[in-house]
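Enquirer: have a look; sequence and predicted model below, questions after that.
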Amino acid sequence: MIVLGIETSCDETAAAIVTGERRVLADLVLSQCADHAPYGGVVPEIAARSHVEHLDGLVVRAMADAGVGFADLDGVAATAGPGLIGAVMVGLMTGKAIAAVHDLPLLAVNHLEGHALSPRLIDETLSFPYLLLLVSGGHCQLLLVEEVDRYRRLGTTIDDAVGEAFDKAAMLLGLGYPGGPAIERRAKDGDSGAVALPRPLAGRPGCDFSFSGLKTAVLHAVQARGELSEQDRADIAASFQTAAADVLVDRTSNAIAQLSAEDCTPAALVVAGGVAANREIRHRIERLAASRGLPLAIPPARLCTDNAAMIAWAGVERLGRDMIDPLDAPPRARWPLDEGAGLARGAGTPGRLGPRA
Ligand code: KG4
Ligand code: ZN
């Protein structure tokens, strides 16, 4: 089985070719980071126009890299949401056009399902159910992945996503965008105990997250210092990163306990999404999983940040289960994996230029 994957939900234009035997024949990602950096966040209109400009050429290059023609494909998987609606439409319409012209099945993939299933692309032994900590620029959730297309949300953020908090903290420290990698670099030279920052919701029951109080505390720490020295920046970055890691560990630990109380034994703890690239967070979650006797799977960084290989792989999983979509499948700005769960109390991501997945 050979599937073309297309991803355009936010600021990465991506195309990949993946096989049913888990071989990634091509995996191309074109970041628009430089286009959005002057605005400190993703500008939806710029993102959509840039996808239009680059996607066709990228698909052609991916096919050439893989050495396959359209006649060799068994399906076309394109992200149908959630994300910036104009951006999603570009990739989904391109996928539909290819599917229509070459008479191929269309897989309209939920971007979050792409992240959720990505560890199965690299680990064929990973079986359902598993506990997923999804940490990206637009999402911060704990999900029980029961099967393809079957998810149970255990917790979600009631305000900001953790990646968004990294981006905002970096902006307050004048470290540029995207903030996650910048904070991680600066934190290396800082003292994580130097600045007292809150751990919102930590120690409280449940698995929901909150990061807006932490972000505000960073703002106050910056204001209190007036002119920031390089050491101040490093200390605040290190203190912020450790506080964010503490919150993620606390809530994930509650999720493990909740499942155990239900007599549900997940096959593994999986961490996915762009923030999973953070080394301190990886180490802390590694320690948590080890202490609970739970195998841990964290896809390599390239597969953690937005890419099309995970969309192609979700397409492989869906095609194998005959979950084919009609050519009028709609693009969706909002598309929770657990549709029955509804919005979390106070949910929303105020202050961003646009929703991210
Ligand atoms: O999954 P992703 O590539 O895009 C979506 O949001 O869908 O995640 C991007 C987010 C950004 O907020 C970025 O700052 C964060 O992941 N990020 C990191 C690191 N690398 C990326 N956060 C903390 N540490 C990192 N090393
Ligand atoms: Zn993503």
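Expert: Nice, thanks for sending it over. Ligands and ions are numbered 1, 2, ... in the order given.

Enquirer: tell me which residues in the helix or strand bottoming out on mean pLDDT in the chain are buried?
Expert: None of the helices or strands of the chain scores lower by mean pLDDT, DSSP states H and E than helix 33-36, at a mean of 83. For helix 33-36, a neighbour-count test (16 or more other Cβ atoms under 10 Å) marks His36 as buried. To be clear about C-beta, it is placed using only N, CA and C from the backbone, and glycine gets the same treatment.

Enquirer: got a list of contacts for the very next helix or strand once past it?
Expert: Per DSSP states H and E, the first helix or strand lying C-terminal to helix 33-36 is helix 44-66. Helix 44-66 has contacts (Cβ atoms under 8 Å, 6 or more residues apart in numbering) with 2, 4, 6, 8, 10-11, 13-17, 25-28, 30, 32, 35-36, 69-70, 84-87, 89-91, 94, 98, 308, 353-354.

Enquirer: 7 Å instead, please
Expert: Applying Cβ atoms under 7 Å, 6 or more residues apart in numbering, the contact partners of helix 44-66 are 6, 8, 10-11, 13, 15-17, 25-26, 28, 30, 32, 35-36, 69, 84, 86-87, 90-91, 94, 354.

Enquirer: circling back to that earlier point, for the least confident helix or strand of the chain, packing partners?
Expert: Using 3 or more Cβ pairs under 7 Å, 6 or more residues apart in numbering; DSSP states H and E, the elements in contact with helix 33-36 are helix 44-66.

Enquirer: let me know whether the helix it packs on sits next to ligand 1.
Expert: No. Using Cβ under 6 Å from any ligand atom, helix 44-66 stays clear of ligand 1, with a minimum separation of 11.9 Å.

Enquirer: so the residue nearest to Leu104 when sequence neighbours are not counted bridges to which residues?
Expert: Leaving aside its sequence neighbours, Leu104 sits nearest to Val76 (Cβ to Cβ, 6 or more residues apart in numbering; 5.3 Å). In this structure, Val76 bridges to Leu4, Leu106 when assessed by DSSP bridges.

Enquirer: OK, contacts around Val76?
Expert: Leu4, Gly95, Ile98, Ala99, Leu104, Leu106, Leu107.

Enquirer: same check, this time on Asp325
Expert: The neighbours of Asp325, taking Cβ under 7 Å, 6+ apart as the test, are Leu106, Leu107, Ala108.

Enquirer: for the closest residue to ligand 1 within the stretch 51-200 of the chain, which non-adjacent residue is spatially closest?
Expert: Nearest to ligand 1 in the stretch 51-200 of the chain, going by Cβ to the nearest ligand atom, is Gly180, at a distance of 2.0 Å. Nearest residue to Gly180 in three dimensions, chain neighbours excluded: Phe166, at 4.2 Å (Cβ to Cβ, 6+ apart).

Enquirer: quick one: average pLDDT of the helix or strand encompassing that neighbour?
Expert: Secondary structure assigned from DSSP H and E places Phe166 in helix 162-172. Mean pLDDT, helix 162-172: 95.

Enquirer: quick check, it touching ligand 2?
Expert: No. Contact of helix 162-172 with ligand 2 (Cβ under 5 Å from the ion) is absent, the minimum separation being 8.8 Å.

Enquirer: now do the buried residues in that helix.
Expert: Val162, Gly163, Glu164, Ala165, Phe166, Asp167, Lys168, Ala169, Ala170, Met171, Leu172.

Enquirer: restrict those residues to contacts with ligand 1.
Expert: Gly163, Glu164, Phe166, Asp167.

Enquirer: per-residue confidence at whatever residue of the stretch 201-350 of the chain ends up closest to ligand 1?
Expert: In the stretch 201-350 of the chain, no residue comes nearer to ligand 1 than Gly274, which is 2.1 Å away by Cβ to the nearest ligand atom. Gly274 is assigned a pLDDT of 90 by the prediction.

Enquirer: then Arg352?
Expert: Reported pLDDT for Arg352: 37.

Enquirer: swap in the one 4 residues further on?
Expert: Here the pLDDT value assigned to Arg356 is 44.

Enquirer: ok, Thr13 next?
Expert: 96.

Enquirer: now it: how far from Cys33?
Expert: Using Cβ to Cβ, to the nearest Å, Thr13 is found at 12 Å from Cys33.

Enquirer: tell me how far the host helix or strand of Asp232 lies from the chain's centre.
Expert: Using DSSP H and E, Asp232 maps to helix 230-261. Remark: helix 230-261 is offset 17 Å from the chain centroid, using Cα atoms, centre = their mean, to the nearest Å.

Enquirer: and if you look at stretch 211-223?
Expert: Per Cα atoms, centre = their mean, the centroid offset for stretch 211-223 relative to its chain is 24 Å.

Enquirer: is that stretch in proximity to ligand 1?
Expert: No. Stretch 211-223 lies out of reach of ligand 1 by Cβ under 6 Å from any ligand atom, never closer than 11.3 Å.

Enquirer: now that stretch: mean pLDDT?
Expert: 97.

Enquirer: mind exporting the C-alpha coordinates of that stretch to PDB?
Expert: Output of stretch 211-223 as PDB, limited to C-alpha atoms (Å, rounded to 0.1, in the frame of the first residue of the first chain):
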ATOM      1  CA  PHE A 211      -0.900  27.800  31.400                       C
ATOM      2  CA  SER A 212      -2.200  31.400  31.300                       C
ATOM      3  CA  GLY A 213      -1.200  32.000  35.000                       C
ATOM      4  CA  LEU A 214       2.300  30.800  34.300                       C
ATOM      5  CA  LYS A 215       2.500  33.100  31.300                       C
ATOM      6  CA  THR A 216       1.300  36.100  33.400                       C
ATOM      7  CA  ALA A 217       3.900  35.300  36.100                       C
ATOM      8  CA  VAL A 218       6.600  35.400  33.400                       C
ATOM      9  CA  LEU A 219       5.300  38.900  32.400                       C
ATOM     10  CA  HIS A 220       5.500  40.100  36.000                       C
ATOM     11  CA  ALA A 221       9.000  38.600  36.400                       C
ATOM     12  CA  VAL A 222      10.100  40.500  33.300                       C
ATOM     13  CA  GLN A 223       8.500  43.800  34.400                       C
END
